[in-house]
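Undergrad: Build the 3D model from these lines:
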Amino acid sequence: VVWGTVPSPGGADLRMLVEPVSCGNCSNYLVVLVPSFEPSWSAAGGVGVDAAAATITLSPLGNLAPTTLHVTGPAPVAGATAKLSVPHLAFAVGVGATATAGPGRAAPVPIVVSSVKEEAPDATAAVLRAAEAVERATYAAYGSPALAEVKEAVQASVMWLAVSVPYATGIILTISRGSMGGGSTQCDWDNFFAAMMLGSDVRGFDLGVATFAQTLGSRTVAGFVPNCASGAKKARDRTEPIVGAKVLRAFLVRFGVVQTAWVAEWAFDQLYGWHDWAWARRRLAPLGLIAPGSSPLPTPDPSNWGANTMQGARWETGMDNSPMYDGPDSASHNTSGPILFSTDDHLMQLWDVGMTANLASDMVALADVGDAWCGAPVAAPHVSSCTNSTHAKIAQLRQRAAILANLTQTHLWSDASNAFVNKMPRDSYNLTADTFYPRISPTSFYPLMTGVPTPRQANQTVTAHLLNPTSFCITPEDEWPPSTTTPSGDAVLLQSWQFPVPSGESSPPLVAVCIADGYSGPAAASCKAMASLGAAFHHNESFAWASPSSRADLSATRTPLYTFHVGTRRQIVVARLGDFPLADRASSTPVTWVDSNLGQPGAWPLLLWRYTAGDPGNTTEYWRVTGGPDSASEVASDRSHAWVINATLGYARPLPTACYWGLPSVSFDDPAFATPGSFVYWRGYAWAPLAMLTYWGLDHEAYANVTSVQTARKGLANSYSRMWMETAWRPSHTVCENYCVHAQGGCCGDTFYHWGALAGFMGILEAGK
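TA: Take a look at the predicted model:
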């Protein structure tokens with residue numbers, strides 16, 4: 001699909017060209033055009049379809065004139081889409097032809113859409129192809145075809161999310177066209193990052209600045225950019241990670257002071273007000289380091305969701321369910337966590353490395369922006385001279401940033417962890433001393449953005465964590481691909497094999513865990529036995545054990561699993577004694593063993609899931625065991641069947657590809673990694689915004705001569721760019737809210753979310769483009 005708009009008197013001309021690339025027998029498919037004013041996109045109006053004339057008329061509410069689109073191509077197909085009750089036009093895709101012309105095969109007829117009434121289809125196609133050629137010619141500046149492809153993908157990812165909304169009197173970048181919907185919502189760091197990507201070349205500068213301005217312009221009366229905002233409401237109790245000045249400085253560095261000084265002048269006081277609010281409202285006594293918070297609001301208030309609560313403070317971190325913030329509150333994903341929230345000072349009782357470093361580095365960035373504005377040459381357009389007040393604010397920003405960075409150095413560096421670590425104040429927890437909360441996430445690398453940590457500290461934390469294959473798993477670029485060494489000794493590979501679902505049934509597929517061929521184990525529990533029963537290979541899961549222990553004194557550390565035939569379908573399930581009635585046990589001796597306790601870095605829980613179908617009194621239970629990220633993600637995202645975790649059977653050794661792409665949102669060796677299996681999200685997926693902030697830290701000039709830091713920076717950019725292009729963009733043109741960190745990659749969350757393109761944008765920056 002190629003489409004484009006060209007300004008014309010009174011508006012713009014819209015053209016679209018639809019041509020199949022490959023579809024086998026194209027007669028199996030239809031192209032259906034469905035016009036709609038979708039309320040979730042803040043649009044309203046009426047649509048009309050004239051099948052005989054092959055036209056679509058769009059009539060927006062208000063004083064905008066209707067637009068008629070003229071469609072040419074194969075003859076419209078009537079009645080082929082009876083299930084579609086809304087107005088539409090349907091077209092065959094080259095009936096009886098394949099998508100590639102050849103001997104005896106005709107090329108499918110393209111579908112051409114144009115708002116220019118008298119324009120011939122060939123002329124419409126020619127306009128679009130000429131525009132596409134001009135567009136692609138601009139990619140030559142990126143050198144290699146691979147980098148040009150990344151540039152095209154980044155640009156497409158943000159441009160597809162540009163929408164015009166009434167409340168903004170212009171365009172915004174809505175956060176998603178995937179499962180999270182679209183609408184008029186824009187969020188703090190999400191949209192600042194999107195503005196940076198959109199404005200990363202001279203042709204996109206105006207749109208990037210407009211997006212930056214819309215996001216900054218969503219500030220509350222208190223002066224901060226809210227977590228999220230829309231035409232109807234905004235989060236007035238909390239912000240999110242503060243990155244606005246860093247993005248503005250990126251514009252300045254890329255385009256120079258003459259072109260950007262006017263933006264700096266417009267934005268400076270607004271960004272300063274945001275920083276000043278955080279300094280006043282988010283420092284936790286007695287040290288004065290930053291803590292996540294959520295301020296109280298008057299009630300009733302339409303924006304009051306989670307205000308003055310622990311979950312509201314979690315949302316302010318941007319990492320909504322991160323194990324960094326597990327606490328005993330009911331909203332926590334692990335209520336055994338210790339972290340508390342105080343409704344007195346409205347702060348999480350935690351000195352937070354990431355939030356502190358983000359504010360400190362943003363203060364430095366804003367001071368740099370202010371210096372550039374104040375030093376702008378007279379030739380800079382639309383720029384006023386800065387005042388003594390501006391100079392005073394610049395000095396104050398640098399002073400406050402130094403205070404935060406030095407406090408981080410003094411109080412949040414842990415020699416035991418070789419990292420900057422969050423810390424719990426003693427008085428909030430009745431402790432004898434302030435105490436580290438020894439969880440490591442990418443936020444531990446954020447202090448490098450200030451340049452204050454010493455080269456020794458930078459080397460220690462990068463070596464101990466970022467380049468460690470059991471922690472954040474970044475593979476040096478010159479060592480790619482990652483090592484895939486498998487466990488030795490008595491390890492056995494567990495696989496899942498799937499049985500076909502009988503025709504006409506809506507039940508979930510029956511999936512059995514078995515022992516892969518080539519590994520020791522009972523014949524009845526082998527995957528070869530599953531194949532003989534009609535099952536087909538589904539996933540590699542993880543490694544279990546063929547014996548109680550290789551050393552007798554360790555036998556208590558492994559749990560035996562048996563085969564059971566359960567339910568009315570007599571499903572084949574591996575489980576512990578006691579999980580099912582003894583009468584259902586099919587194996588008299590264990591078929592495999594798993595670790596009883598979590599000990600191996602990155603160990604994967606072997607989870608027993610249950611789904612109950614039917615009405616009360618007439619139910620059918622289905623069971624499934626998962627032992628790896630592929631299957632756990634598959635079950636957790638199954639929207640047709642409400643699976644629940646019934647039990648944790650034990651822990652299996654991860655596949656060597658379980659942390660393949662690197663930088664998960666919590667260290668791979670943390671027991672919280674990828675748990676709970678029903679909703680991982682910020683507990684182990686790979687998130688491009690975390691990678692971007694980490695990249696900025698690794699790219700600080702203070703570490704230009706630290707070999708490990710340079711290696712990690714190049715490795716991070718290489719790995720994330722590959723992850724996106726190889727597992728999401730090329731296969732399906734998706735840009736992921738978050739990525740599956742295991743080798744399969746692809747989207748573990750929303751499938752068209754603009755900040756996922758940061759994964760490739762880092763590669764562009766690394767190439768110096």
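
Undergrad: can we go C-alpha only for contacts and neighbour counts from here?
TA: Fine.

Undergrad: Show me the helices in the stretch 651-769 of the chain, by range?
TA: 688-698, 707-724, 730-732, 758-766 (DSSP state H, counting those that start in this stretch).

Undergrad: closest one to residue 163 among those helices?
TA: Among these, helix 758-766 comes nearest to residue 163, with 20.1 Å by CA to CA.

Undergrad: The closest one relative to helix 707-724, how many degrees between them?
TA: With axes from the mean of the first three to the mean of the last three CA atoms, to 10 degrees applied, the angle from helix 758-766 to helix 707-724 works out at 130 degrees.

Undergrad: hey, C-alpha coordinates of helix 758-766 in PDB?
TA: What follows is helix 758-766, C-alpha atoms only, in PDB (Å, rounded to 0.1, in the frame of the first residue of the first chain):
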ATOM      1  CA  LEU A 758      14.000   3.600  19.200                       C
ATOM      2  CA  ALA A 759      15.400   0.100  18.800                       C
ATOM      3  CA  GLY A 760      16.500   1.000  15.300                       C
ATOM      4  CA  PHE A 761      17.000   4.700  16.000                       C
ATOM      5  CA  MET A 762      20.000   3.900  18.200                       C
ATOM      6  CA  GLY A 763      21.600   2.200  15.200                       C
ATOM      7  CA  ILE A 764      21.200   5.300  13.200                       C
ATOM      8  CA  LEU A 765      22.800   7.400  15.900                       C
ATOM      9  CA  GLU A 766      25.600   4.800  16.300                       C
END
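
Undergrad: Buried ones in that helix, by neighbour count?
TA: Using 16 or more other CA atoms under 10 Å as the test for burial, helix 758-766 gives 758, 759, 760, 761, 762, 763, 764, 766.

Undergrad: ok so, going back, which of the helices of the stretch 651-769 of the chain has the lowest mean pLDDT?
TA: When the helices of the stretch 651-769 of the chain are compared by mean pLDDT, helix 730-732 comes last with a mean of 94.

Undergrad: Now the closest residue to residue 407 other than its chain neighbours: phi and psi?
TA: Distances taken as CA to CA, 6 or more residues apart in numbering place residue 289 nearest to residue 407, at 7.0 Å, with adjacent residues excluded. Main-chain torsions, residue 289, degrees, to the nearest 10: phi -80, psi 160.

Undergrad: What pLDDT is listed against residue 289?
TA: At residue 289, pLDDT is 98.

Undergrad: ok, it - how many residues close by?
TA: If you count neighbours by other CA atoms under 10 Å, residue 289 ends up with 24.

Undergrad: by contact count, what packs against the helix or strand hosting residue 456?
TA: Following DSSP states H and E, one finds residue 456 within helix 455-461. With contacts defined as 3 or more CA pairs under 8 Å, 6 or more residues apart in numbering; DSSP states H and E, helix 455-461 has these neighbours: strand 419-420, helix 707-724.

Undergrad: Tell me which residues of it come out buried.
TA: So for helix 455-461, counting by 16+ other CA under 10 Å, buried means 455, 457, 458, 459, 460, 461.

Undergrad: Packing partners of the next helix or strand along the chain from that helix?
TA: Sequence-wise, the next helix or strand downstream of helix 455-461 (DSSP H and E) is strand 491-499. Packing partners of strand 491-499 (3+ CA pairs under 8 Å, 6+ apart): strand 510-515, helix 527-532, strand 536-545.

Undergrad: 10 Å instead?
TA: Identification of packing neighbours for strand 491-499 by 3 or more CA pairs under 10 Å, 6 or more residues apart in numbering; DSSP states H and E yields strand 510-515, helix 527-532, strand 536-545, strand 592-595, strand 618-626, strand 644-652.

Undergrad: want to try a markdown table for the buried residues of helix 455-461, with pLDDT and distance to residue 126 as columns?
TA: Putting the buried residues of helix 455-461 into a markdown table (pLDDT from 0 to 100; distance: CA to CA, whole Å) gives the following:
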| residue | pLDDT | distance to residue 126 |
| --- | --- | --- |
| 455 | 98 | 57 |
| 457 | 98 | 58 |
| 458 | 98 | 55 |
| 459 | 98 | 56 |
| 460 | 98 | 58 |
| 461 | 98 | 55 |
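
Undergrad: can you list the residues you listed in a markdown table and add distance to residue 544?
TA: Putting the buried residues of helix 455-461 into a markdown table (distance: CA to CA, whole Å) gives the following:
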| residue | distance to residue 544 |
| --- | --- |
| 455 | 41 |
| 457 | 38 |
| 458 | 37 |
| 459 | 35 |
| 460 | 33 |
| 461 | 32 |
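
Undergrad: Quickly name whichever of the residues you listed is closest to residue 322.
TA: Using CA to CA, these come closest to residue 322 at residue 461, 20.4 Å.

Undergrad: how about that closest one, what does it touch?
TA: Shown in contact with residue 461 (CA atoms under 10 Å, 6 or more residues apart in numbering): 414, 415, 417, 418, 419, 420, 444, 445, 467, 468, 708, 709.

Undergrad: pLDDT score for residue 386?
TA: Taking residue 386 on its own, its pLDDT is 88.

Undergrad: That one against residue 369, yeah?
TA: No. The pair residue 386 / residue 369 is not scored as a contact, 11.8 Å apart, by CA atoms under 10 Å.

Undergrad: So for the two, which residues contact both of them?
TA: With CA under 10 Å, 6+ apart, residue 386 and residue 369 have common neighbours 265, 375.

Undergrad: Settle it for me: which of the two has more neighbours?
TA: With neighbours defined as other CA under 10 Å, residue 386 and residue 369 compare such that residue 369 has more, 29 against 15.

Undergrad: okay, the angle between the biggest strand by length in the chain and strand 618-626?
TA: Assignment by DSSP state E gives strand 604-615 as the longest strand of the chain. Per the same axes, to 10 degrees, the angle that strand 604-615 makes with strand 618-626 is 160 degrees.

Undergrad: what's the angle between strand 604-615 and strand 644-652?
TA: With the same axes, to 10 degrees applied, the angle from strand 604-615 to strand 644-652 works out at 160 degrees.

Undergrad: could you give the mean pLDDT of strand 604-615?
TA: pLDDT averaged over strand 604-615 gives 90.

Undergrad: gap between the residue nearest to residue 407 and residue 338?
TA: According to CA to CA, to the nearest Å, residue 289 and residue 338 sit 19 Å apart.

Undergrad: pLDDT below threshold where in this structure?
TA: Counting by pLDDT under 70, the chain contains low-confidence ranges at 39-42, 79-82, 94-108, 178-183, 303, 379, 550-556, 599-602, 676-678.

Undergrad: Tell me what the residue nearest to residue 407 is bridged to.
TA: residue 284 (DSSP bridges).

Undergrad: That one reaches residue 356, doesn't it?
TA: Yes. Shown here, residue 289 and residue 356 form a contact pair, counting by CA under 10 Å, at 6.3 Å.

Undergrad: Give me the common contacts of the two.
TA: By CA under 10 Å, 6+ apart, the residues touching both residue 289 and residue 356 are 279, 282, 283, 404, 405, 407, 408.

Undergrad: you'd agree the fourth one is in a strand?
TA: No. With DSSP: H, G, I helix; E, B strand; the rest coil as the criterion, residue 404 is helix rather than part of a strand.

Undergrad: if I look at it, how far off is residue 432?
TA: 24 Å.

Undergrad: who's more crowded, these two?
TA: Shown here are residue 404 and residue 432; by other CA under 10 Å, residue 404 has more neighbours (24 against 9).

Undergrad: Now residue 675. Nearest residue, chain neighbours left out?
TA: residue 683 (6.5 Å).

Undergrad: ditto for residue 72
TA: The shortest distance from residue 72 to any non-neighbouring residue, by CA to CA, 6+ apart, is to residue 112 (5.3 Å).

Undergrad: Residue 606 too?
TA: residue 627 (4.4 Å).

Undergrad: From residue 674, how far off is the one you found?
TA: Distance from residue 627 to residue 674, by CA to CA: 11 Å.
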